[in-house]
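Student: After the sequence you'll find the predicted model.
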Amino acid sequence: MQQIPVRHIQEPELSGSFSIRDLEKLLDGKDMLQELHRHDFFLIIALKSGSGQHDIDFKAYTIADHIIFFMRPGQLHKLVLKAGSTGYILQFSGDFYPSAAELLRRAGQQNHYQLSETVSVKLQHVLASIFEEHRDKQERFKEVIQANMSIFFTRLIRQLPPSSATAETRYRQERLDKFMTLLEQHILTQKQVSQYADMLNISTYQLNAITKELLGKTTSTLINEQIILEAKRCLLATSYQVNQIAYHMGYEDPSYFIRFFKKQTGYSPDAFRHNSG
């Protein structure tokens, strides 16, 4: 089965791993209209000013001033960005700055950041420096970009709710974050709690205790939610038949997939696609 449309970075100077654009120049007086698609890279839209709408994995956000959208690889989104919006758009792969994996994990906990004007101005200054380095490409510009990205991520993380967690709580949060990442990566082939517990080197009891404590949901519930999310992505971003989507999702019996989808959502896959069109 052909995959949902996936976009790639086109930036030969950095081997396809990084790009930054000035939004106002990119728009050039026109609206940006992007239909449902997904990326194989991280995407940051940092708005100094703007209007429009951004739908990320079926959650709608109104675009306004001083907003940052942080999207992880694989997320499905649809964008309407109005002419005159200002700021920057960054695209980069995980291997562009592998030592920043922890910063990316923490910053990626949210897709949407509504900033104060003061914080927004500080982050726009950092992005302006990154933009200049990328444009001018002077000696060791990549290292300067990476250093500025660390500053950017750190300041963005400061906007998350403060934590007074103990070392044990931090460990459980790290396990949960890793589990959620693994879900996104392996949901098409791995659907059992025991499989994820094995990948995390913990017991199924420990994993279930972590998800129930921190999210109030069982591990099985989270797995089912990820299955449904991926199925919805396929239903809205492709024109493939339901049985093709079932096979893509790892189900040999399409009728079982249809019953599962309806039990979880209250709609058959066809009804969901029709009602969301």
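Tutor: That came through, no problem. Numbers count the residues shown, from 1 in each chain.

Student: For burial, what's the neighbour tally of the closest residue to residue 17 other than its chain neighbours?
Tutor: Among residues not flanking residue 17 along the chain, residue 96 sits closest, at 4.0 Å (Cβ to Cβ, 6 or more residues apart in numbering). No exception for glycine: its C-beta is placed from N, CA and C like everyone else's. By other Cβ atoms under 10 Å, 22 other residues sit near residue 96.

Student: now swap in residue 204 and tell me
Tutor: Residue 204 sits with 16 neighbouring residues when counted by other Cβ under 10 Å.

Student: and it, backbone torsions?
Tutor: phi -60, psi -30 (degrees, to the nearest 10).

Student: check contacts around it.
Tutor: By Cβ atoms under 8 Å, 6 or more residues apart in numbering, the contact set of residue 204 is 193, 194, 197, 219.

Student: how about the helices of the stretch 101-250 of the chain, start to end?
Tutor: With DSSP state H, counting those that start in this stretch as the criterion, the stretch 101-250 of the chain has helices at 101-107, 117-136, 141-157, 167-186, 193-200, 204-215, 219-237, 242-248.

Student: Which of those helices sits closest to residue 89?
Tutor: When these are compared by Cβ to Cβ, helix 117-136 sits nearest residue 89, at 9.7 Å.

Student: Could I get the average pLDDT for the closest one?
Tutor: Per-residue pLDDT values across helix 117-136 average out to 96.

Student: which helices and strands sit right next to that helix?
Tutor: With contacts defined as 3 or more Cβ pairs under 8 Å, 6 or more residues apart in numbering; DSSP states H and E, the packing partners of helix 117-136 are strand 18-22, strand 42-49, strand 86-92, helix 141-157.

Student: so which of the ones you listed gets nearest residue 105?
Tutor: The minimum distance between residue 105 and the helices and strands packed on helix 117-136 falls on helix 141-157, with 9.9 Å, by Cβ to Cβ.

Student: which residues of the protein score low on pLDDT?
Tutor: Across the chain, the ranges flagged by pLDDT under 70 are 1-16, 163-167, 277.

Student: Got a ChimeraX select line for the buried ones in the contacts of residue 204?
Tutor: Per 16 or more other Cβ atoms under 10 Å, the buried members of these correspond to this ChimeraX selection:
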select :193,197,219
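
Student: Nearest to residue 36, out of the contacts of residue 204: which one, please.
Tutor: Comparing these against residue 36 with Cβ to Cβ places residue 219 closest, at 28.8 Å.
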